[in-house]
Each structure stands twice: as structure tokens, then as C-alpha cells.
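**Q** Here's a sequence, model it:
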Amino acid sequence: MVKYIKDFETFLVSERNYSKHTVRAYIGDLNEFLSFVRKKRGVGEEEGINFSTLDDIDIRAYLGWLYGRNKKTSISRKLTSVRMFFEFMVKIGELERNPAKLVPTPKGEKRLPSFLTVDEVFKLLETPTSDSVYGKRDRAILELLYSSGLRVGELVGIDMVNLDLSGGVVKVCGKGGKERIVPVTSKAIEAIREYLKVREKFNPKGDFLFVNSRGGRLTARSVARIVKRYSLLSGIDKNVSPHVIRHTFATHLLGGGADLRAIQEMLGHKSLSTTQRYTHASIEKIMDVYDKTHPRAN
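**A** Prediction:
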């Protein structure tokens, strides 16, 4: 059983090209499912499970156990992990069918992406002071997040060689190792140039753009803390994260008349339907303006 799980892990890395974080989540979900089945059947941890005996009833029972303990989005991901494992077992000839295919994916709650107003994002970007090396670095981080709508993992993965400030673009590595080139605003370029003047003071141990206090590559968690810190300092009464800034980038572009497919390309979305979430936020804003301003609205 352990062998099959290790083989599945190798499959996710080598053939699906998933990130370490995603692979860790999938394997954790799978082990949780198997642990649930063991307890349900009264099987000890040291005993193996015959995968051919597992069916959709086991999977439905697992999902039922998850309800109330997890959000619907987490439950959907856990089902995807289990479904993908069984699909892998069918692919290598160990199973004849995938029982998880008989289990429908739970419908998730439809939530509008959270985003900042133009005034709020400007306040956030102006909060880091320019009289310290950390202030210069953090302003460059915030400006680049908002300038290009980057995922936090893409931001921290940028190396010096990926920058083309004269051309006003940066190359990033997105989900699945897919590279794309995104534009950078003049304000972000200015902030990055100011940061690059003091970057050596961090004693960088590599070619990465954003450096932490020990000279290593800045982590996604550290960037999240930086964003949170400056949002509190700026007095924004919202839970601000790097992903909220990414949503803000897309919402402001759409509100300014940008083409949806252009936004899709800049965000690195595989499917246009993912990008279309922002149209709901735009429509909500339009309706609010309509209700407040049209003489016959009320």
C-alpha cells in the first residue's frame, strides 16, 4: 500500500508537474481517507487495505464525515485527491474501475472575490517608508503585486534574470510550471529600481529578486505577513492578503474597460470561466451606482 502511495506521489510530480505544496496536500488527503476507512472497518494502522474492496459507499461515508469539519472547497479538493488516486490505480492496471467517479463533487458556495477600492489600494502602496531598506523592498513588493496581479508564489519565485525593467515586463512561473510574461507599471518599475539600489545590503545568497533579512529568498508566508502589516498600518478595515491584491488588480482592470481575455492572460488563468468571476463584482458595482443615481431606481 505504501508503495502505491509513493508511486502516486511520483506521478503527481513527474507527470502532472504539480508543486510540492499541491502534492503534499493531495497525499495528506489520501492518507486521511485511508485512515478513515481503517477506523470504519476496524483495521489497525499497521495493516494494509485492499484497494479493490473500496467502493463509492466508502467515499460517500468519508465525505459525510468531512461535512461540518471542513469547508465545501476543502471537501471538493479532498474528493479530487481520492478520485485522482483511484484513476492512477486504474492507469497502472491495479484496479478495473474508479469508484470515486460515482461520487458527485459537492457544490461550493459562490463567493465574490474580495478586493480593495482604488483609494484603499493607493493608501496601502504609499504606507511603506522610503527611508529604510525594508521600506524600499516592501514598497517594491506591494507595487509589483498590484501592478501585475501576481500570485504570491510567482512573486517570490522571480529571479533577477526574469526582470526587464527597460521593457516594462517580468517573466514569472505560474501553476504547473507554465511561464508567462506580464507588464509592470511605471510606478512599480520605479519602486523596484529604488529597491535594487539597496538590495545588496540584505547580503543576498542567490539571484532571487526579493531577499529576506538572512539573505535568503523571501517566502510566500513572509510576503503575506508584510501585506497584512501594511494594511493594518494604513488603516484598511479589511482582511488584506496577496490574493486580495491580485483580485483588486483584476477588478480594477475590468472596471477600467480591459478585455476579459487580456485579463485572463495576465492572471495566467487556464480557463476563462475562472476570470469571469470578476464580472460579477463589476456588475455588483454597476447596480450599486445605478440604485444610488438613477431617478427612477427607487
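
**Q** mind listing the helices for the chain?
**A** In the chain, the segments counted as helices under DSSP state H are 2-14, 20-41, 56-66, 72-91, 118-125, 133-148, 152-156, 186-198, 220-233, 242-255, 260-267, 272-275, 277-293.

**Q** so where's the stretch 151-298 of the chain shaky on pLDDT?
**A** Counting by pLDDT under 70, the stretch 151-298 of the chain contains low-confidence ranges at 273-290, 293-298.

**Q** One more pass at 80, please.
**A** Using pLDDT under 80 as the threshold, the predicted model of the stretch 151-298 of the chain has low-confidence ranges 255, 257-260, 269-298.

**Q** per-residue confidence for residue 83?
**A** As summarised for this prediction, residue 83 has a pLDDT of 93.

**Q** Quick one: residues contacting it.
**A** Taking Cβ atoms under 8 Å, 6 or more residues apart in numbering as the definition of contact, the neighbours of residue 83 are 98, 100-101, 103. The way it works is simple: take the backbone N, C-alpha and C, and place the C-beta from them, glycine included.

**Q** Name the residues of stretch 189-209 that are buried.
**A** If you call a residue buried by 16 or more other Cβ atoms under 10 Å, then stretch 189-209 has these buried ones: 189, 191-192, 194-196, 199, 202, 204, 208-209.

**Q** Take those residues and lay them out in TSV including distance to residue 123.
**A** Putting the buried residues of stretch 189-209 into TSV (distance: Cβ to Cβ, whole Å) gives the following:
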residue	distance to residue 123
189	21
191	16
192	20
194	19
195	20
196	25
199	26
202	27
204	30
208	29
209	25
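
**Q** of those, closest to residue 29?
**A** residue 208 (30.8 Å; Cβ to Cβ).

**Q** Could you export the contacts of residue 83 as a markdown table, including neighbour count and distance to residue 250?
**A** Compiled in a markdown table, those are given as follows (neighbours: other Cβ atoms under 10 Å; distance: Cβ to Cβ, whole Å):
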| residue | neighbour count | distance to residue 250 |
| --- | --- | --- |
| 98 | 19 | 35 |
| 100 | 23 | 33 |
| 101 | 13 | 34 |
| 103 | 19 | 33 |
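
**Q** out of these, who's nearest residue 137?
**A** Of all these, the one with the least separation from residue 137 (Cβ to Cβ) is residue 100, at 45.6 Å.

**Q** Could you verify my assumption that the closest one touches residue 82?
**A** Yes. With contact taken as Cβ atoms under 8 Å, residue 100 and residue 82 are classed as touching, separated by 5.3 Å.

**Q** re earlier: right, and the helices of the chain - which one's nearest residue 169?
**A** Nearest to residue 169, of all the helices of the chain, is helix 133-148, at 8.9 Å by Cβ to Cβ.

**Q** still on that earlier bit, mind listing the shared neighbours of residue 100 and residue 82?
**A** When Cβ under 8 Å, 6+ apart defines a contact, the residues bordering residue 100 and residue 82 alike are residue 59.

**Q** what's the neighbour count on residue 217?
**A** With neighbours defined by other Cβ atoms under 10 Å, the count for residue 217 comes to 18.

**Q** got it, and residue 78?
**A** By the criterion of other Cβ under 10 Å, residue 78 has 23 neighbours.

**Q** now swap in residue 241 and tell me
**A** When neighbours are defined as other Cβ under 10 Å, residue 241 has 16 of them.
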